[in-house]
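Novice: make a model of this:
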Amino acid sequence: MDSVAPVSAEQIVEHKTPLPDLIEALKRIPSLHGMEEHEYVWLAEHGTERIVPAGTTIFREGEPATEMTIMLKGEIHVRREHAGPAALFIGRSGQITGLLPFSRMKTYGGHGYAATDSWSLQYCRDLFPEMIQAVPSITQRCVSVLLDRVREVTRLEQQAEKLNALGKLAGNLAHELNNPASAAQRAASGLHSELKIYGHQKFKLGGLCLDEDHLKQIGRWQEAVRANGRMRPQDSAENAAHEDRIQTWLRQQNIDGLWHVTPELAELGVTTEQLDELAKLLQGEPLSIMLAQFASSVRTERMAVAMLDSTARIFDLISAIKDYSYMDQAPIQEIDIPQAIENTLVMLQSRLAKVKIERHYEPGLPLISAYGSELNQVWMALLENALDAVHDKGTITLKVKISGELMLIEIWDDGVGIPLEQQDRIFEPFFTTKAPGSGLGLGLDTVQRIVRRHRGYVSVESKPGATCFQVRLPIEQLQAY
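Specialist: Numbering: from 1, shown residues only. As a prediction, the model looks like this:
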């Protein structure tokens, strides 16, 4: 944030410019164009003129708003102290700002300071009734300013919420993609090195000049071991004991590179009896070469499988993202609500490691016509709230069913609950129970706005250990757009 100086009597100066100069300055204000001369005169005579140097704090967030301001020159920036460095509002020369007649504004919504040297006229709220009598057109002019202000604040709210949602989605996506991408990279790196080892061992095996009968028998042994290995999963304790037995057998046979061969044989479930069978075909160095080549081929295959699994996971994530965002699709689609919720869960996978998800989806649910990407913002916001409530470890229950002519979606969590005195306020914009900087207080406001756009409604029931957000959407949406 730009540096600001504390307020002092010397910095905010009440000035007295000649009346004709003030009237001329007021005539340059776009919102006041076309007024009668006597109206300009009244505003010039009754306003408190102030000169404010650049960098001066004018008001702070939460202080009572008591004055209307007509900016004759300069610029004022208003920033929310707990919502990052982005400017909430900029008051420029030629604007009417501050508390306006008929406005419900009670306090300042941010920290206001002069970005440049500023010149303005101030009107205390006690003057408003007299102002409306003396300048009748001021009512319509202030209402127009209020409407413009509402539109601008709404636009800023929506932009902030979209950026916030995009940031969370990007973070979740980066985390989810990082795991399979890292696994694929490790597998590719290991595969590159292992192929050299495999080629060298294969060359040495070829140098043994085994006859065709021997080669067939060795091939059958390898196939039997692979098939048996796929059928014999073992836990870590069993595998460690098995490794010891194999290592002992290999040591007795004077096999080189025990550390490089033993893990693969143990993981495949190779028994000492099977090794005895192989020892009947090969002994000494040929046996050592064959086992080294076999272990290398197993490692190579596993690395290739790891790459396939990792890249398949990446493609699954990309597919889920396309479904979640309804990329390359018309704005309104036929939406499968349970599938849309599942796609949203994929985006939140990094937070679900210690969370139990219970699903109760009524079978045979119809599709509904809706703005799919907007509804996904609803599921994202509600699921993130549930995860925050259980601190990423607990139970979240998802229910979707038909209720009359509506589809009822319920998202339950077993968190601490929402205090009764706050339940009536949670859908208000900028109201949040989170720590400063952790949330803008726009998530549930956005949820309510999107659900209403679909001619539905959203409600909440909460007590300690059981909070439920209910979303009801018309199944027949033909009249909704």
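Novice: show me the shaky parts of the stretch 51-200 of the chain.
Specialist: 81-88, 154-172, 175, 192-200 (pLDDT under 70).
Novice: how about the strands in it?
Specialist: Along the stretch 51-200 of the chain, counting by DSSP state E, counting those that start in this stretch, strands occupy 57-59, 67-73, 75-79, 87-92, 96-98, 111-114, 118-124.
Novice: to residue 358, which of those strands lies closest?
Specialist: With CB to CB, the closest approach to residue 358 among the strands of the stretch 51-200 of the chain belongs to strand 87-92: 40.9 Å. Every residue, glycine included, has its C-beta placed from N, CA and C.
Novice: give the bridge partners for residue 64, please.
Specialist: residue 107 (DSSP bridges).
Novice: swap in the one 4 residues further on?
Specialist: Beta-bridge partners recorded for residue 68 (DSSP bridges): residue 98, residue 123.
Novice: contact partners for it?
Specialist: 96, 97, 98, 99, 100, 101, 122, 123, 125, 128, 142 (CB atoms under 8 Å, 6 or more residues apart in numbering).
Novice: counting neighbours, what do you get for the first one?
Specialist: When neighbours are counted by other CB atoms under 10 Å, residue 96 registers 24.
Novice: surely it touches residue 138?
Specialist: No. Look at residue 96 against residue 138 with CB atoms under 8 Å: they stay out of range, at 9.2 Å.
Novice: for stretch 390-399, give the mean pLDDT please.
Specialist: Taken as a whole, stretch 390-399 has a mean pLDDT of 92.
Novice: contact partners of that stretch?
Specialist: 341, 351-361, 383, 386-387, 408-415.
Novice: inside strands: which ones of those residues?
Specialist: 354-361, 408-413 (DSSP state E).
Novice: need the strands of the stretch 51-200 of the chain in JSON lines (columns: distance to residue 399).
Specialist: Below are the strands of the stretch 51-200 of the chain laid out as JSON lines (distance: least, CB to CB, whole Å):
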{"stretch": "strand 57-59", "distance to residue 399": "48"}
{"stretch": "strand 67-73", "distance to residue 399": "51"}
{"stretch": "strand 75-79", "distance to residue 399": "42"}
{"stretch": "strand 87-92", "distance to residue 399": "39"}
{"stretch": "strand 96-98", "distance to residue 399": "48"}
{"stretch": "strand 111-114", "distance to residue 399": "44"}
{"stretch": "strand 118-124", "distance to residue 399": "55"}
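Novice: and residue 474, which of the ones you listed is closest to it?
Specialist: Short answer: strand 87-92, nearest of these by CB to CB, at 36.0 Å.
Novice: name every strand pairing with the longest strand along the chain and say which way it goes.
Specialist: Longest among the strand segments of the chain by residue count, using DSSP E, is strand 393-403. If you go by DSSP bridges, strand 393-403 pairs up with strand 354-361 (parallel), strand 406-413 (antiparallel).
Novice: quick one, which of the ones you listed is packed in tightest?
Specialist: strand 406-413 (a mean of 21; mean count of other CB atoms under 10 Å).
Novice: can you list contacts of that one?
Specialist: Against strand 406-413 from outside (CB under 8 Å, 6+ apart): 337, 341, 365-366, 368, 379, 382-383, 385-387, 389-390, 394-402, 456, 466-475.
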